[in-house]
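[1] mind folding the following:
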Amino acid sequence: MSAQAANPQAWELADLPLHRLVSLGRRITREQCANSLRVAVLGDAATQHYCQALAATLKLRGWWPEVYEAEFDMIQQEVLNPLSETYRSNPEFVVLFTTTQALWHRYASAGDKASFADDVCNELFGHWDLLQSRTSATVIQHNFVLPLNRPYGNYTLLHSDTFAASVNRINGRILQEAGERGVKIVDTEFQAGYHGKRHWLDERLWCQARQALSPTFIPSMVKSVSDAVLAERGVGIKCLVVDLDNTMWGGILAEDGRDLIEIGQTEVGLVFHRFQLALLELKARGVLLAICSKNDLANVEDVLDTHPDMLLRRSDFVACVANFGDKVSNIMAIREKLNIGFDSFSFLDDTAFERELVRQALPQVQVPELPADPAGFISELARWNLFEGRSATPEDLARLAYYQANDQRETIRAKYSGLEDFVADLKMKADIQPFNTFALPRVHQLVQRSNQFNLTTIRYSEEDLLRYGTDREASAFCIRLSDRLGDNGIIAAIIIRRVGSDAVVDTWIMSCRVLGRRVEELTLQLIAERAKVLGCSRIVGQYVPTSKNGLVEDLYTRLGFTAITGTAGDKQLFALTMDRYEPQALPIEITEHELVEQA
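    Residues are numbered from 1 along each chain as shown. Below is the predicted model of the structure:
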């Protein structure tokens, strides 16, 4: 394991010693971070080490943090006072680090133990409401570690007036309310249970310095916090690429043969059977699975299709690359097919050589260490927390079908000599929708996660998107695309604002899956129609270059816009007067649904 390396991968940060993590973070300069964010940390325990570790973790993940650390045990004062430094710092994220040890003191002095849990929850939810009403920040709430107090032994949780039962009830209500209110949870209870509560809950440290946990575990906890933060910025694993031999099954297919590999009927086989169950659970929440293996493709497909103990079948994988070439090239081929960034991939392989090769060649791909014993695969996956993310949208769950339909489209495309014939044969239909409650989760996901076809990379919250949907000085809509081979789901989100006589394209995001199908021209046509309704005489497009959106640097010029000279800063502006725009005949059937009328 290379946890001491100068440039550790994200999964490694959880295992770094605290002093090493902070030291590495201090070496990172603002120029080395492509993005920035503002975080306020409010806690009822000491937060100095917490904030140092969180800042270092975010820097090492490429995000420059501006961290406001509130004074010790000042959560209520900071939240209730509208002039507090929490609000003055204009945070994008507010972290509430609430601890079991501090809660115990409150419980001990509470007059009504039976209502204690509800009283605490009402206070917490009130804090969330104030923070969300006074800021546009995402609230991140730590849950509570179930205490070691067991006055009734095995029956402690049955007694509602015990501290442990109160904490258990609080955690349950936090989880339920957070999902409904858009608050993100840091599962501190899981962290403590994973590492061992006897070691996590260091009583001496609490009494001496109000430290809620041993410093040994702070890197692991703040790595989990950084996962929650960055998931809201579109960072996360979309595709898990797995090896086969001694990773998906026991043994080597080319040597042992189909009938002797171990999957389900032996002690070792059961380990791989259970690992496949874990992979199926990831697939069910929208993570794409792909195969990258040094094997003969026909033999691999035979196992996937016919082996009686295989849980995962060929149809469960978005790509199956099996040959005897190097795995770096094969992962690059998978990435080319899926058209997502390398930072959206993780790669699991039992061979240290293959892991290190991919790490060195493709450092953005998360390549965690696998233990020598495959029985440890599942627990290691839990520790790395590779798959932090929002609830899966319908598009997430259907993504595998989208890619499989896209394979069919590419097969059909090869039969045509020209793009126009191919596009016409797809019989595409575009459904133009407002930012309504049905479309909003997917639109928000596009806004937060899309990096390549994203002209301005502005990361709006769901509340911001809803406001644009009803703003009479703007027009906001999304495009759902289907064709005779299947539904592509919501593939584009656009926001235009009226500024004087200009219709400024504030946001234009599109899925790369649909490039080359005339959807760009369709989108411009829709923008022009809305610019006319807004009473604008010119469309102004914006392009803010990033390290990932070079794909669209010439989009506006290709669509007939003229560059506006003298643009300040990195932002590039392009203009198209309405009298110069001529709609094109497009082979796409258009349906519009209840767009908010703009005056």
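[2] what about the helices in the stretch 451-599 of the chain?
    Secondary structure of the stretch 451-599 of the chain (DSSP state H, counting those that start in this stretch): helices at 462-470, 519-533, 555-558.
[3] point out where the stretch 451-599 of the chain drops to low pLDDT.
    566-569, 594-599 (pLDDT under 70).
[4] quick check: domain ranges of this structure?
    Listed by automatic domain parsing, the domain ranges of the chain are 10-231, 239-384, 418-592.
[5] and the longest one, how far apart are its ends?
    Terminal residues of domain 10-231 lie 13 Å apart, using CA to CA, to the nearest Å.
[6] cool, stretch 337-354 as well?
    21 Å.
[7] stretch 537-553 too?
    24 Å.
[8] go through it and flag the buried ones.
    538-543, 549, 552 (16 or more other CB atoms under 10 Å). Bear in mind the C-beta positions are built from the backbone N, C-alpha and C, glycine included.
[9] can you put these in CSV and add distance to residue 205?
    What follows is those, written out as CSV (distance: CB to CB, whole Å):
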residue, distance to residue 205
538, 63
539, 60
540, 57
541, 56
542, 51
543, 51
549, 46
552, 51
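[10] quick check: the farthest pair among those residues?
    Pairwise distances among these were taken by CB to CB; the largest, 23.6 Å, belongs to 538 and 549.
[11] buried ones in stretch 448-468?
    Counting neighbours by 16+ other CB under 10 Å, stretch 448-468 gives 448-457, 459-462, 464-466, 468 as buried.
[12] gap between the two ends of it?
    16 Å.
[13] burial count for the residue nearest to residue 350 when sequence neighbours are not counted?
    Spatial nearest neighbour of residue 350, chain neighbours left out: residue 246 (4.4 Å); criterion: CB to CB, 6 or more residues apart in numbering. By the criterion of other CB atoms under 10 Å, residue 246 has 19 neighbours.
[14] got the contact list for residue 246?
    Shown in contact with residue 246 (CB atoms under 8 Å, 6 or more residues apart in numbering): 252, 350-351, 374.
[15] can you give me phi and psi for it?
    phi 60, psi 20 (degrees, to the nearest 10).
[16] now it: how far from residue 466?
    49 Å (CB to CB, to the nearest Å).
[17] which residues does the residue of the chain most remote from its centre contact?
    In the chain, the greatest distance from the average C-alpha position (CA atoms, centre = their mean) is reached by residue 111, at 43.0 Å. Residues in contact with residue 111 (CB under 8 Å, 6+ apart): none are found.
[18] and the pLDDT for it?
    Looking at residue 111, its pLDDT is 91.
[19] confirm that it sits in a helix.
    No: counting by DSSP: H, G, I helix; E, B strand; the rest coil, residue 111 falls outside a helix, being coil.
[20] and whichever strand in the chain runs longest, what does it pack onto?
    Scanning the chain for the longest strand, with DSSP state E as the assignment, gives strand 486-499. In this structure, strand 486-499 makes packing contacts with helix 394-397, helix 399-413, helix 440-449, strand 474-483, strand 502-510, helix 519-533, judged by 3 or more CB pairs under 8 Å, 6 or more residues apart in numbering; DSSP states H and E.
[21] flag the shaky bits of the protein, pLDDT-wise.
    1-6, 390-400, 402, 404-419, 566-569, 594-599.
[22] returning to what we had before: report the buried residues of the longest strand of the chain.
    Here strand 486-499 shows 487-498 as buried, counting by 16+ other CB under 10 Å.
[23] same list (the residues you listed) but as a markdown table, adding distance to residue 388.
    Shown next, in a markdown table, are the buried residues of strand 486-499 (distance: CB to CB, whole Å):
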| residue | distance to residue 388 |
| --- | --- |
| 487 | 27 |
| 488 | 26 |
| 489 | 22 |
| 490 | 22 |
| 491 | 24 |
| 492 | 26 |
| 493 | 23 |
| 494 | 28 |
| 495 | 27 |
| 496 | 33 |
| 497 | 33 |
| 498 | 38 |
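[24] which pair of those spans the longest distance?
    For those, and using CB to CB, no pair is farther apart than 487 and 498, which are 32.7 Å apart.
[25] name the SS class of residue 95, please.
    Applying three-state DSSP: residue 95 is strand.
[26] heads up, I number from 53, so please use that
    Happy to do that; since the first residue is 53 now, the last one works out to residue 147.
[27] spit out the contact partners of it.
    91-94, 106, 192, 194, 238, 277.
[28] what's the closest of those residues to residue 495?
    residue 192 (22.2 Å).
[29] residue 149 is in contact with the closest one, correct?
    No: Residue 192 is beyond contact range of residue 149, at 9.1 Å (criterion: CB atoms under 8 Å).
[30] so for those two, which residue has more residues nearby?
    The neighbour count for residue 192 versus residue 149, taken as other CB under 10 Å, is higher for residue 149 (26 against 21).
[31] bridged to the more buried one, which residues?
    For residue 149, the beta-bridge partners are residue 95 (DSSP bridges).
[32] picking up where we left off before, could I get the domains of the chain as CSV with distance to residue 453?
    CSV is the format used below for the domains of the chain (distance: least, CB to CB, whole Å):
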stretch, distance to residue 453
domain 62-283, 24
domain 291-436, 10
domain 470-644, 6
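[33] which one of the ones you listed lies closest to residue 455?
    Among these, domain 291-436 sits nearest to residue 455 (CB to CB), with 4.7 Å.
[34] which residues touch residue 375?
    346-349, 382.
[35] and with 10 Å instead?
    344-349, 352, 381-382, 385 (CB atoms under 10 Å, 6 or more residues apart in numbering).
[36] the residue lying closest to residue 249 once chain neighbours are set aside in helix, strand or coil?
    Spatial nearest neighbour of residue 249, excluding adjacent residues (CB to CB, 6+ apart): residue 200 at 6.0 Å. Here residue 200 is recorded as coil under three-state DSSP.
[37] what do you get for the one 3 residues further on?
    Using three-state DSSP, the secondary structure recorded for residue 203 is coil.
[38] that one: how many residues sit nearby?
    10.
[39] what is the neighbour count of the nearest residue to it once chain neighbours are set aside?
    Closest residue in space to residue 203, ignoring its immediate chain neighbours: residue 214 at 5.9 Å, by CB to CB, 6+ apart. Neighbour count of residue 214, defined by other CB under 10 Å: 20.
[40] my guess is residue 214 meets residue 165, correct?
    Yes: between residue 214 and residue 165 there is a contact under CB atoms under 10 Å: 8.0 Å.
[41] distance check, residue 555 against residue 631.
    Distance from residue 555 to residue 631, by CB to CB: 14 Å.
[42] sorry, that was for residue 362
    For residue 362, the distance to residue 631 - CB to CB - is 63 Å.
[43] what's the answer for residue 155, then?
    Relative to residue 631, and taking CB to CB, residue 155 is found at 66 Å.
[44] quick one, which of the two is more surrounded?
    Neighbour count, other CB under 10 Å: between residue 155 and residue 631, residue 155 has more, with 20 against 8.
[45] can you tell me the closest non-neighbouring residue to that one?
    With sequence-adjacent residues excluded and distances taken as CB to CB, 6+ apart, residue 155 is closest to residue 196, at 6.2 Å.
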